[in-house]
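# following is a predicted model, sequence given first.
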Amino acid sequence: MRVAVVNLTAGGLSGGYRKYLARLMPLMAADDRISSLTVFVPGATQSLDPGLDVRTWDAREPRRRFAGVVRDVAALMPDVVFVPTARHASFGSIPVVTMVRNMEPLTVPFGGNSWGEGLRNVGRAWAARRASRRADRVIAVSHHVRDFIVSRWAIDSARVGVVHHGVDPASAEGGPLRDARPTLFTAGSIRPARGMEDALRALALLPRDVRLVVAGEVDARCDGYAAGLHRLARALGVEDRVTWAGQLGTQQMAQAFRACTAFVMTSRAEACPNTALEAMSHGCATISVDREPMPEMFGEAALYYPPGDTATLSSRVNVVLADPAEHSRLGRAALRRSTVFTWEHTRDRTIEQLEQALR
């Protein structure tokens with residue numbers, strides 16, 4: 001099967017999506033079921049595996065970029081085109097598979113965002129819906145996403161398959177590295193849909209020796225939300241107990257997961273969150289919102305609280321802090337659960353979806 005993977009974007013790819021491409025594309029290219037794999041990415045994208053057939057285009061020319069890519073893809077005559085970015089493009093009679101992996105524009109397009117960002121989310125949701133309706137097959141990155149696509153967009157369930165992202169097993173190098181003080185860790189791009197105010201409000205209800213580490217950079221057009229988080233920390237009297245770590249590299253993230261007493265997942269809108277998978281792969285005891293897809297991801301490897309219910313969140317944290325047996329149970333359950341989400345599984349399910357599009 002000859003496959004073209006076309007990443008239609010305005011020029012940017014998130015860190016999580018880059019990781020998806022970097023891990024999955026070499027596995028697919030090496031699979032016997034695929035005779036050729038060509039990956040199209042914006043020119044500004046950092047290089048992928050040098051063994052891949054990667055084609056780029058100039059993302060600074062928005063009017064012409066997609067038309068040129070379509071011509072280049074057609075010249076390759078692939079059997080199927082995979083567009084993981086939920087953008088529509090027609091490639092004549094060649095079947096197209098798209099993927100939906102961002103739920104914020106679909107479920108909380110405004111949700112604390114500025115009007116400008118909210119309207120951008122509306123546009124993203126429209127593009128994803130259009131791409132899903134016109135594609136021969138749709139990949140949803142969780143059952144939560146699939147249920148939304150089928151029920152809200154009235155897309156035939158037979159055309160929608162579920163393929164979770166994968167996660168690398170955590171390196172055992174260095175072993176456990178717990179901080180001397182009880183430490184909560186949360187991570188993700190800083191934007192309103194992350195709900196990080198829950199962690200700050202819960203921190204104010206916890207013993208004074210508990211601290212919070214927040215990893216992630218402020219998304220474009222979300223400076224107002226970030227400033228509000230800092231004001232909230234000052235108003236709650238927890239400013240000196242919060243570390244704003246900024247964007248962390250792979251090794252720094254691994255160290256933060258290993259050092260924390262518990263990982264806190266506060267996000268309001270997720271599809272298949274990489275940070276959740278990484279927390280499990282590091283054996284973190286986790287307290288998460290009970291909103292889907294978190295239970296689908298964590299299963300029994302987390303304690304849950306309703307979004308915004310910081311009293312319940314703080315009580316769940318206290319359980320983990322006070323009960324070593326429960327802390328250990330959650331860590332072991334997380335490690336077991338993480339083995340379900342392998343990149344090899346992602347490869348196999350993705351190729352199956354491409355094959356179904358051909359049929």
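Nice, I can see it.
# what are the buried residues along the helix or strand bottoming out on mean pLDDT in the chain?
Scoring the helices and strands of the chain by mean pLDDT, DSSP states H and E places helix 62-76 at the bottom, with a mean of 78. Using 16 or more other CB atoms under 10 Å as the test for burial, helix 62-76 gives 65, 66, 69, 70, 73, 76. The way it works is simple: take the backbone N, C-alpha and C, and place the C-beta from them, glycine included.
# and those residues as TSV, adding distance to residue 25?
As requested, the buried residues of helix 62-76 are arranged in TSV below (distance: CB to CB, whole Å):
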residue	distance to residue 25
65	20
66	21
69	17
70	20
73	16
76	16
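# picking up where we left off before, only alpha carbons, please: show the least confident helix or strand of the chain as PDB.
C-alpha atoms of helix 62-76 as PDB (Å, rounded to 0.1, in the frame of the first residue of the first chain):
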ATOM      1  CA  PRO A  62      -1.100  30.500   2.300                       C
ATOM      2  CA  ARG A  63      -3.000  31.000  -0.900                       C
ATOM      3  CA  ARG A  64      -0.900  28.500  -2.900                       C
ATOM      4  CA  ARG A  65       0.400  26.000  -0.300                       C
ATOM      5  CA  PHE A  66      -2.500  23.600  -0.300                       C
ATOM      6  CA  ALA A  67      -3.000  23.600  -4.100                       C
ATOM      7  CA  GLY A  68       0.700  22.900  -4.600                       C
ATOM      8  CA  VAL A  69       0.600  20.000  -2.100                       C
ATOM      9  CA  VAL A  70      -2.400  18.500  -3.800                       C
ATOM     10  CA  ARG A  71      -0.600  18.500  -7.100                       C
ATOM     11  CA  ASP A  72       2.500  17.000  -5.600                       C
ATOM     12  CA  VAL A  73       0.500  14.200  -3.900                       C
ATOM     13  CA  ALA A  74      -1.400  13.400  -7.100                       C
ATOM     14  CA  ALA A  75       1.900  13.000  -8.900                       C
ATOM     15  CA  LEU A  76       2.900  10.300  -6.500                       C
END
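# who are the packing partners of that helix?
strand 2-6, strand 36-42, strand 53-57 (3 or more CB pairs under 8 Å, 6 or more residues apart in numbering; DSSP states H and E).
# identify the residue nearest residue 228 in space, chain neighbours excluded?
Excluding its sequence neighbours, the residue lying closest to residue 228 (CB to CB, 6 or more residues apart in numbering) is residue 197, at 7.9 Å.
# the one you found is in contact with residue 232, isn't it?
Yes: the criterion here is CB atoms under 8 Å, and residue 197 meets it with residue 232 at 5.8 Å.
# in this structure, which spans are strands?
Using DSSP state E, the strands of the chain run over residues 2-6, 36-42, 53-57, 80-83, 96-100, 137-140, 160-162, 183-187, 211-215, 242-246, 262-265, 286-289, 302-305.
# so for residue 358, which of the ones you listed sits nearest?
strand 80-83 (5.8 Å; CB to CB).
# what helices or strands is the closest one leaning on?
Applying 3+ CB pairs under 8 Å, 6+ apart, one finds that strand 80-83 contacts strand 2-6, strand 96-100, helix 343-358.
# next, the angle helix 62-76 makes with the first one.
Translated: strand 2-6. 170 degrees (axes from the mean of the first three to the mean of the last three CA atoms, to 10 degrees).
# note down every partner strand of strand 2-6 and its orientation.
Strand 2-6 has the following strand partners under DSSP bridges: strand 36-42 (parallel), strand 80-83 (parallel).
# alpha carbons only: can I get the first one in PDB?
What follows is strand 36-42 as a C-alpha-only set of coordinates in PDB (Å, rounded to 0.1, in the frame of the first residue of the first chain):
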ATOM      1  CA  SER A  36       6.000   3.500   0.300                       C
ATOM      2  CA  LEU A  37       5.400   6.300   2.700                       C
ATOM      3  CA  THR A  38       5.700  10.000   1.800                       C
ATOM      4  CA  VAL A  39       5.200  12.700   4.500                       C
ATOM      5  CA  PHE A  40       4.300  16.300   3.600                       C
ATOM      6  CA  VAL A  41       5.000  18.900   6.300                       C
ATOM      7  CA  PRO A  42       5.300  22.700   6.400                       C
END
